[in-house]
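In: next come a sequence and a model predicted from it.
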Protein chains: 2
Amino acid sequence: MPYDFEVNPLSNLPALPMIECVANFSEGRDASTVRAIKDAIASSKGVLVLRSEMDADHNRSVVTFAGPPDAVAEGALRGIAVAVERIDLRTHRGVHPRMGAADVVPFVPLEGATLQDCVVIARQTGEEVWRRLGVPVYFYEAAAMTPERRMLEVSRRGGFERPHHAPDLGGPALHPSAGACIIGARKLLIAFNINLDTDDVSVAREIALKIRTSSGGMPFLKALGLPLAARGLAQVSMNLTDFEQTPLHVVFDAVRREAAARGVGIVGSEIIGLVPKKALEDAAAHYLQCENFDTGLVLENRLARARSAVDEAERALE
Amino acid sequence: MPYDFEVNPLSNLPALPMIECVANFSEGRDASTVRAIKDAIASSKGVLVLRSEMDADHNRSVVTFAGPPDAVAEGALRGIAVAVERIDLRTHRGVHPRMGAADVVPFVPLEGATLQDCVVIARQTGEEVWRRLGVPVYFYEAAAMTPERRMLEVSRRGGFERPHHAPDLGGPALHPSAGACIIGARKLLIAFNINLDTDDVSVAREIALKIRTSSGGMPFLKALGLPLAARGLAQVSMNLTDFEQTPLHVVFDAVRREAAARGVGIVGSEIIGLVPKKALEDAAAHYLQCENFDTGLVLENRLARARSAVDEAERALE
């Protein structure tokens, strides 16, 4: 068939906006508290809980959830409220730095949403956290009030016990038991490790130094060289903070090239957490040298958009 | 975070079954007829029309749609009914072989559905087409009644004017104006072309001969060497009929290897129609050498499953 009879009017429709929240709480030992937080988040209609993890050494848990922006904001607020009620930082011990019961709450744009949408949600959520819960708020990354506060590390300096900076909203004293909440907006992060065919960790460290942003390499890339003692391998461990600017496959090819230049091969790689489909689509299109690739060529993407459009049309009829 | 606090119970839930139908009709010139067929298909609640194409030389159109199995079956029946009413094969001319007004109707399993589900839907639809519309039916591929009838070409032999074989259901005479309908069940097909950095079509033909099933190459692969006159290139044009058995990236690497052995490079490739996301995920995981890849690591897949589970729970409450 040489041409589309009718260019599908659905294929250019934006998807309904969806955002993600990766909320970090200062409780990693009492499962009943983590469950209560998670249940509170999930009680917001439209929220989908994707993952929940807890770590006893860090005494910290992470709940990852997604949905339409308003539903995610409401879920975050409900989870923060339970954390503020149940977690007392005066008796909290753990190896991870922390500033609050509900410690770090970033909002992340998914399909159909922008980083700016997440800034708006972060600021609104911050207002509610101070107004309704009496917990002061720091804003970070894209939601920061000033450029100096963009980096999480700045707001967090000194921790709950000796904060270096006053909060952006409320305070200046922290909440006596729940501290402060650091709320932000950032792009989706990909955590990705590549295992090298050598037990010499200095090779992994050299490669990390060569490719990462902080030492003059590729933008949006954090990298460390680590030993993988159990397997007798060295690993380049990475966080890619903007995979649309620095694609995953570009990072992979750079590591492969740098390793080869040192006479070392790649054993394999691993994805930590979740990876957005666009990063994989882009990698596939790159390696398959696809000239006409567009995300609308993927059957399931076209289906999802058609379904959103039908849902929207039905809502409009109600 | 070293471990999942709670392995997400949603991540192993099967998706709600979805199937696709790629319906071919013997009308490629009168847009009002094609639109009437398409509207009839779309009137089945739950059906999503993904693509519709028409071709004047072939005098043929294709409507691709998807949804839950019963909705797709009902949509197919409604589309076939309009085609039977409006298309008269006694006056139909075109270069493409054809046997009926609603000529070829394959059902294809998508996520959560099996080929066997599509065989059941194909047979049920065939019964309705004969019982309600008086149009005899041939069954092909996985829905064939006998092994000799698996290939579409067998049922189609002789065309509307001089059919070689009696229909599997109804007849034996064809419907006077609408002929017969050839209904089948098959796996998703990927149409994929690779352009070679040479204008010598004999290289493309040699490669096609080397890799395709019919001359002893890889299973589930049809391939032809063609000239791409406009670009001064030769092309290996392929249909991959089971990308889970013979992955897309395996085919790509084989063509690249065979081309390199002949001193020829690859200029690029192109996807024709739609490609299932699994083929791209598998290709990305292969080229990125991902050790722990699983489709549940893709953010959007986890979201979709969580959403299906919530939908299902809500339906159960109604």
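Out: Right, received. Where do you want to start? Residues are numbered from 1 along each chain as shown, chains lettered A, B, ... in the order given.
In: now do the helices in the stretch 1-150 of chain A.
Out: Secondary structure of the stretch 1-150 of chain A (DSSP state H, counting those that start in this stretch): helices located at A:31-42, A:69-86, A:115-133.
In: residues in contact with the longest one?
Out: Taking contacts as CB atoms under 8 Å, 6 or more residues apart in numbering or on different chains, the residues outside helix A:115-133 that touch it are A:17, A:19, A:69, A:72-73, A:76-77, A:80-81, A:84, A:102, A:105-109, A:135-137, A:139, A:142-143, A:168-170, A:175, A:178, A:181, A:183-187. Using the backbone N, CA and C atoms, a C-beta is placed for each residue, glycine as well.
In: just give me how far it sits from the chain centre.
Out: With CA atoms, centre = their mean, to the nearest Å as the basis, helix A:115-133 stands 17 Å off its chain's centre.
In: rounded mean pLDDT for that helix, please.
Out: Averaged across helix A:115-133, the pLDDT comes to 97.
In: quick one, it and helix A:69-86 angle?
Out: Counting by axes from the mean of the first three to the mean of the last three CA atoms, to 10 degrees, helix A:115-133 points 40 degrees away from the direction of helix A:69-86.
In: pull out the buried residues from helix A:115-133.
Out: For helix A:115-133, burial by neighbour count (16 or more other CB atoms under 10 Å in any protein chain shown) applies to A:115, A:117-119, A:121-123, A:125-126, A:128-130, A:133.
In: make JSON lines out of the residues you listed and add distance to A:Gln245.
Out: Putting the buried residues of helix A:115-133 into JSON lines (distance: CB to CB, whole Å) gives the following:
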{"residue": "A:Leu115", "distance to A:Gln245": "12"}
{"residue": "A:Asp117", "distance to A:Gln245": "19"}
{"residue": "A:Cys118", "distance to A:Gln245": "17"}
{"residue": "A:Val119", "distance to A:Gln245": "18"}
{"residue": "A:Ile121", "distance to A:Gln245": "22"}
{"residue": "A:Ala122", "distance to A:Gln245": "21"}
{"residue": "A:Arg123", "distance to A:Gln245": "24"}
{"residue": "A:Thr125", "distance to A:Gln245": "26"}
{"residue": "A:Gly126", "distance to A:Gln245": "27"}
{"residue": "A:Glu128", "distance to A:Gln245": "32"}
{"residue": "A:Val129", "distance to A:Gln245": "31"}
{"residue": "A:Trp130", "distance to A:Gln245": "33"}
{"residue": "A:Leu133", "distance to A:Gln245": "36"}
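In: closest to chain B out of those residues?
Out: Lowest distance from chain B to the buried residues of helix A:115-133 (CB to the nearest CB) belongs to A:Cys118, with 15.3 Å.
In: what about that closest one, distance to A:Arg149?
Out: From A:Cys118 across to A:Arg149, the span is 16 Å (CB to CB, to the nearest Å).
In: what do you get for A:Leu233?
Out: 39 Å.
In: surely A:Ile271 touches A:Ile190?
Out: Yes. Counting by CB atoms under 8 Å, A:Ile271 does reach A:Ile190; the two are 7.4 Å apart.
In: strands of chain A, residue ranges please.
Out: Assigned by DSSP state E, chain A shows strands spanning A:19-25, A:48-55, A:60-67, A:102-109, A:137-141, A:181-185, A:190-196, A:221-228, A:233-240, A:266-272.
In: neighbouring strands - and their directions - for the fourth one?
Out: For strand A:102-109, the paired strands and their directions (DSSP bridges) are strand A:19-25 (antiparallel), strand A:181-185 (parallel).
In: contacts for the longest one, please.
Out: This means strand A:19-25. With contacts defined as CB under 8 Å, 6+ apart, strand A:19-25 is touched by A:34, A:37, A:41, A:50, A:60-69, A:72, A:75-76, A:79-80, A:83, A:87, A:101-110, A:113, A:117-118, A:121, A:188, B:299.
In: wait, what's in contact with the closest residue in space to A:Ala42 that isn't next to it in sequence?
Out: Nearest residue to A:Ala42 in three dimensions, chain neighbours excluded: A:Val49, at 5.0 Å (CB to CB, 6 or more residues apart in numbering or on different chains). With contacts taken as CB under 8 Å, 6+ apart, A:Val49 has the following neighbours: A:38, A:41-42, A:63-65, B:8, B:306.
In: ok, A:Arg93 - how many residues close by?
Out: 7 (other CB atoms under 10 Å in any protein chain shown).
In: how close does it sit to A:Arg29?
Out: 10 Å.
In: got any residues that touch both of the two?
Out: Counting by CB under 8 Å, 6+ apart, the residues touching both A:Arg93 and A:Arg29 are A:Asn59.
In: endpoints of stretch A:39-55, how far apart?
Out: End-to-end distance of stretch A:39-55 (CA to CA, to the nearest Å): 18 Å.
In: buried ones in that stretch?
Out: For stretch A:39-55, the neighbour count (16+ other CB under 10 Å) marks A:40-42, A:44, A:46-55 as buried.
In: again with stretch A:136-155
Out: Neighbour count says stretch A:136-155 has A:136-144, A:149-150, A:152, A:154-155 buried, by 16+ other CB under 10 Å.
In: so A:Leu224 sits against A:Ser237, correct?
Out: Yes. If you go by CB under 8 Å, A:Leu224 and A:Ser237 touch, sitting 4.9 Å apart.
In: among these two, which residue is more densely surrounded?
Out: A count of neighbours by other CB under 10 Å puts A:Ser237 above the other of A:Leu224 and A:Ser237, at 19 against 15.
In: measure that one to A:Gly217 for me?
Out: For A:Ser237, the distance to A:Gly217 - CB to CB - is 15 Å.
In: also A:Val119?
Out: Applying CB to CB, the value for A:Val119 to A:Gly217 is 28 Å.
In: how about A:Val62?
Out: For A:Val62 relative to A:Gly217 (CB to CB), the value is 28 Å.
In: show me which of those two is the more surrounded one.
Out: A:Val62 (21 against 18).
In: who does that one bridge with?
Out: A:Val62 forms beta bridges with A:Asn24, A:Glu53, as assigned by DSSP bridges.
In: show me the contacts for A:Thr64.
Out: Contacts of A:Thr64 (CB under 8 Å, 6+ apart): A:20-23, A:49-52, A:273-274.
In: one more: A:Gly217?
Out: Counting by CB under 8 Å, 6+ apart, A:Gly217 has contacts A:209-211, A:223, A:254.
In: name the residues contacting each of A:Leu224 and A:Ser237.
Out: With CB under 8 Å, 6+ apart as the test, A:Leu224 and A:Ser237 both reach A:Ala208.
In: which residues does the residue nearest to A:Leu299 when sequence neighbours are not counted contact?
Out: With CB to CB, 6+ apart as the criterion, A:Leu299 has its nearest non-adjacent residue at 4.2 Å, and that residue is B:Leu274. The neighbours of B:Leu274, taking CB under 8 Å, 6+ apart as the test, are A:297-299, A:302, B:50-51, B:64.
In: enumerate the residues of the stretch 201-318 of chain A near chain B.
Out: A:248-249, A:252, A:266-271, A:274-277, A:279-281, A:283-285, A:287-293, A:297-304, A:306-307, A:310 (CB under 8 Å from any CB of the partner chain).
In: and the residues you listed, which of them are buried?
Out: Buried, going by 16+ other CB under 10 Å: A:248-249, A:252, A:266-271, A:274-277, A:279-281, A:283-285, A:287-290, A:293, A:297-304, A:306-307, A:310, out of these.
In: just to revisit the earlier point, would you turn the contacts of A:Gly217 into a markdown table with pLDDT and neighbour count?
Out: Converted to a markdown table, these look like this (pLDDT from 0 to 100; neighbours: other CB atoms under 10 Å in any protein chain shown):
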| residue | pLDDT | neighbour count |
| --- | --- | --- |
| A:Leu209 | 97 | 16 |
| A:Lys210 | 97 | 18 |
| A:Ile211 | 97 | 23 |
| A:Ala223 | 93 | 28 |
| A:Ala254 | 98 | 19 |
